[in-house]
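Peer 1: Quick check, what structure comes out for this input:
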Amino acid sequence: MENSKNSSIDNVDVGILKILSKDGRIAFNKIASELNKSPVTIKKHVEDLEEKGIIEGYGAQINFEKLGYNIIAFIEITVSKGQMLEVEEKIAANPNVFGVYDITGTYDALVMARFKSRTQLSAMIKDIHKSPNVERTNTHMILNVIKEGTSLKEILENENLD
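Peer 2: Residues are numbered from 1 along each chain as shown. Model prediction:
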């Protein structure tokens, strides 16, 4: 399996990634046991995956709704004058923003953000409109989250690559 030109990975790497995508805190010896490899082998593979940038970091999956961030918005933005990157970088600096994406279609960018109140969302949209390069926005508020996130294991199983 190839990820990029210098990031070729083998079946052991795929196995490690599947396990870590479900539980980033699992011990090397447990991974080794599941994959029938030595913990030293697993440690070396994980270090290689980190060095290649395939594993970018480890963290807890936070339930933001339980912390009061229950307003999720997707904001479509049309940018003028070739200033898309500058506009996107300014928006990305807002800590409520979880993702900024270049997109195709009527709009140029898509922003995903979470807020505790409609007032916070309104303030962010007004701030976005202060940019002379933002032509228009279209905001979608999420009513219900049916699914959020996935694991590499689920993706690979769906593609029948294991």
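
Peer 1: residues of the host helix or strand of residue 17 that come out buried?
Peer 2: Using DSSP states H and E, residue 17 sits within helix 11-22. Buried positions in helix 11-22, judged by neighbour count with 16 or more other Cβ atoms under 10 Å: 12, 13, 14, 15, 16, 17, 18, 19, 20, 21. Just so you know, the C-beta spots here come from the backbone N, C-alpha and C atoms, and that holds for glycine as well.

Peer 1: ok, the fourth one - contacts?
Peer 2: It refers to residue 15. Residue 15 makes contacts with 31, 34, 35, as judged by Cβ atoms under 8 Å, 6 or more residues apart in numbering.

Peer 1: quick one: the first one from residue 38, how far?
Peer 2: Separation of residue 31 from residue 38 (Cβ to Cβ, to the nearest Å): 11 Å.

Peer 1: of those two, who's got more company?
Peer 2: residue 31 (23 against 12; other Cβ atoms under 10 Å).

Peer 1: Sticking with the residue nearest to the spatial centre of the chain, tell me its helix or strand.
Peer 2: By Cα atoms, centre = their mean, the chain has its centre lying nearest to residue 99, at 7.1 Å. For residue 99, the host element (DSSP H and E) is strand 97-102.

Peer 1: List the buried residues in whichever helix or strand comes after that strand.
Peer 2: Following strand 97-102 in sequence order, the next helix or strand is strand 109-115 (DSSP H and E). Residues of strand 109-115 classed as buried: 109, 110, 111, 112, 113, 114, 115 (neighbour count, 16+ other Cβ under 10 Å).

Peer 1: could you pull out the strands for the chain?
Peer 2: Secondary structure of the chain by DSSP state E: the strands cover 71-79, 97-102, 109-115, 134-141.

Peer 1: list the buried ones in the longest one?
Peer 2: Spelled out, that is strand 71-79. Neighbour-count burial for strand 71-79 flags 71, 72, 73, 75, 76, 77, 79 (criterion: 16+ other Cβ under 10 Å).
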